[in-house]
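**Student:** Provided below for reference: sequence and predicted model.
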Amino acid sequence: MEGILPYAVAAAFVAALATHLMVPPVARLAVLLRALDHPGERKLQTGAVPRLGGVAIALGLLLGGSGAAVSLWGRIGTAVGRGELLALAFGTITVFLVGLVDDMVGVSAAKKLLFQLVAAWPLVHAGWAFEVLRLPLVGEIHLGLFGGLVSLLWIVGVTNAINLTDGLDGLAGGVVAIISVSFLGYAMLQGNAGTVILMAAVAGSCLGFLRHNWEPARVFMGDSGSLMLGFLLAATAVHSSLKAPAAVAILVPILALGVPVMDTLLVMAVRFLDRPKSALLDRFLRMFHADRQHLHHLLAHFGGERRRIVALIYGVVLSFCALALFVAFTGETTLGVALVVLEFAVILTMRQMGMVMEARRLSRLQREEIKAEVLGLGSAAEPRTGGVRRIIR
C-alpha cells in the first residue's frame, strides 16, 4: 500500500484547492438565488449567510477523487465492484440533490428521510450491509434478514448525525475531516486503496472549505454538503467493517463516529422522555423535532469564543479517532469496549455541564425580567442582527 500515498496526497490537495476556489462564486450564486440561512431561535449566527457551500465541496470531491481514481484504475485493487460503485454514486448524488433542494426551497423532514432511505437501499442491496455483528464477550450475532434493516438505520442515522453537527462555524467540516483521516488510516491497514482515495478527497475538500467557513463564516455547507459527507462516512464505515476481523469491525467506526452519533442519540432520548404523559406516537415524532439541545448548543452556554467550543469538540473527536486507530492496529477488543464506554461518559458529562449552565442562564434571565417588571423598565431589547455577510472576492 506504500504506492497509494502519493495518489492520496494528490487527491486531498486537488480536492482542497478546487473547493477553496469554487466557494466564492458559489456563495455569490447563493446570494443571487436567495439561498440564505437567516438567524433564528435555533441558530447561533447573527446575520444571513449563503448556504450552498455543499456545491463547492461536491465539485472538489469530484475533481480530487476521480482524478486519483482514474490514475489508479487497474494498478491497485480497490476491493469495490462496478455495481457497488454505481450504488455509492447513486446514493451520494441523491442525498446531495435532496440537500440542495432543501437549501434552496426547503424539504420536509419526512421527505428527506424517505429519500435518504432510497439513497441507502441500492448500497445495502449491493452488499454493503452488516450481516454479522461481532461483539466482545458475546461473539457473533448473525442478523440474517435484519442485516439490511440495521444497515439502513446505520447509514441514515450517521448521515443525519453529521448533518446535525453543522451548527457552529467550522464545526461540521472539521469533524468530518478528522473522521475521514481516521478512516483513511483504517483503510491503509486493510489495504483498501479505493477507500483511501475517497477519504483523502473528503478530508481535502473539507479543509479547503474551512478557510471560508471558519468563524465568522462567509458561507455554510448547507444540507447539500452535510448530508453528502455524512452519507459517505456512513457508507465507508459499513464497507470497512466487512473487511475487519472480530469485534474491531464494529468498534472502530463507533469510536470514530461516536461524538456526533452518541450526541444525536442522547438528544433523541431527551426528546422522547421529555413529555412522559403524551401519546407514544407524539413522543416518537418529537424525537425528530429540531431544537437547541445538541452538544455544541449546550457548550455555547459557557460563554466565551465559539472558536474555543469548536476546538474543544475537535479535540474530543480527534482523541477518540486516534484511539480507534490504536484499537484497529492492536486488535484489543476489550480496550475498544472500554473506550466506547468512556466516550459515551465524556459526551454525557459535557452535555450535563452544558445543561447546568443553561439552567443558570435561564434563572438569571428570569430574575432580570422580574426586576425589570418591578422597576417598570420593561423587557430587554432584542439583539440586533446583521445583514448578509461579505462574500470573498
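**Tutor:** On my side now, so go ahead.

**Student:** by contact count, what packs against the host helix or strand of G204?
**Tutor:** When elements are assigned from DSSP states H and E, G204 belongs to helix 193-213. When contacts are defined as 3 or more CB pairs under 8 Å, 6 or more residues apart in numbering; DSSP states H and E, helix 193-213 packs onto helix 5-32, helix 53-72, helix 171-190, helix 222-241. In this view, the C-beta of every residue, glycine as well, is placed from N, C-alpha and C.

**Student:** do you know which of these lies nearest F130?
**Tutor:** Nearest to F130 among these is helix 222-241 (6.8 Å), distances taken as CB to CB.

**Student:** which of the residues in the closest one are buried?
**Tutor:** Going by neighbour count (16 or more other CB atoms under 10 Å), the buried part of helix 222-241 is 222-241.

**Student:** quick check: longest helix in the chain by residues?
**Tutor:** Looking across the chain with DSSP state H, the single longest helix is helix 333-375.

**Student:** quick one: low-confidence parts of the chain?
**Tutor:** The chain contains residues with pLDDT under 70 at 1-2, 40-46, 70-80, 134-137, 243-247, 285, 290, 303-304, 376-393.

**Student:** which residue lies nearest the spatial centre of it?
**Tutor:** Centroid-nearest residue in the chain, with CA atoms, centre = their mean: I162, separated by 1.8 Å.

**Student:** check contacts around that one.
**Tutor:** 172, 175-176, 226-227, 229-230, 233, 260 (CB atoms under 8 Å, 6 or more residues apart in numbering).

**Student:** which of those residues lies closest to F96?
**Tutor:** L227 (7.0 Å).

**Student:** and S319, how many residues sit next to it?
**Tutor:** For S319, the neighbour count with other CB atoms under 10 Å is 16.

**Student:** again with A328
**Tutor:** A328: 26 neighbours (other CB under 10 Å).

**Student:** do you know how far it is from V175?
**Tutor:** Distance of A328 to V175, computed by CB to CB, to the nearest Å: 19 Å.

**Student:** also R286?
**Tutor:** R286 is 26 Å from V175, where distance means CB to CB.

**Student:** looking at those two, which is more packed in?
**Tutor:** Shown here are R286 and V175; by other CB under 10 Å, V175 has more neighbours (27 against 17).

**Student:** list the residues that contact that one.
**Tutor:** Residues in contact with V175, defined by CB under 8 Å, 6+ apart, are 162, 165, 259-260, 313-314, 317.

**Student:** which of those sit farthest apart?
**Tutor:** I162 and Y314 (14.6 Å).

**Student:** circling back: show me what the longest helix of the chain packs onto, helices and strands only.
**Tutor:** Judged by 3+ CB pairs under 8 Å, 6+ apart, the packing partners of helix 333-375 are helix 248-273, helix 295-299, helix 306-330.

**Student:** pick the most buried one from the helices and strands packed on helix 193-213.
**Tutor:** Burial of the helices and strands packed on helix 193-213 is given as mean neighbour count (mean count of other CB atoms under 10 Å); helix 222-241 ranks first at a mean of 28.

**Student:** picking that back up, tabulate the helices and strands packed on helix 193-213 (CSV), appending distance to A89.
**Tutor:** Shown next, in CSV, are the helices and strands packed on helix 193-213 (distance: least, CB to CB, whole Å):
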stretch, distance to A89
helix 5-32, 16
helix 53-72, 10
helix 171-190, 18
helix 222-241, 11
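
**Student:** out of those helices, which comes closest to A372?
**Tutor:** Among those, the nearest to A372 by CB to CB is helix 171-190 (34.6 Å).

**Student:** and for P122, nearest residue in space, chain neighbours not counted?
**Tutor:** A87 (4.1 Å; CB to CB, 6 or more residues apart in numbering).

**Student:** hmm, I typed the wrong one, I wanted P260.
**Tutor:** Nearest non-adjacent residue to P260, counting by CB to CB, 6+ apart: A161, 4.2 Å away.

**Student:** check the gap between the one you found and L117 for me.
**Tutor:** Taken as CB to CB, the span from A161 to L117 is 16 Å.

**Student:** so between the two, which is more surrounded?
**Tutor:** Using other CB under 10 Å, the more surrounded residue of A161 and L117 is A161, with 24 against 14.

**Student:** residue contacts, the more buried one?
**Tutor:** With CB under 8 Å, 6+ apart, A161 has these contacts: 230, 257, 260-261, 263-264.
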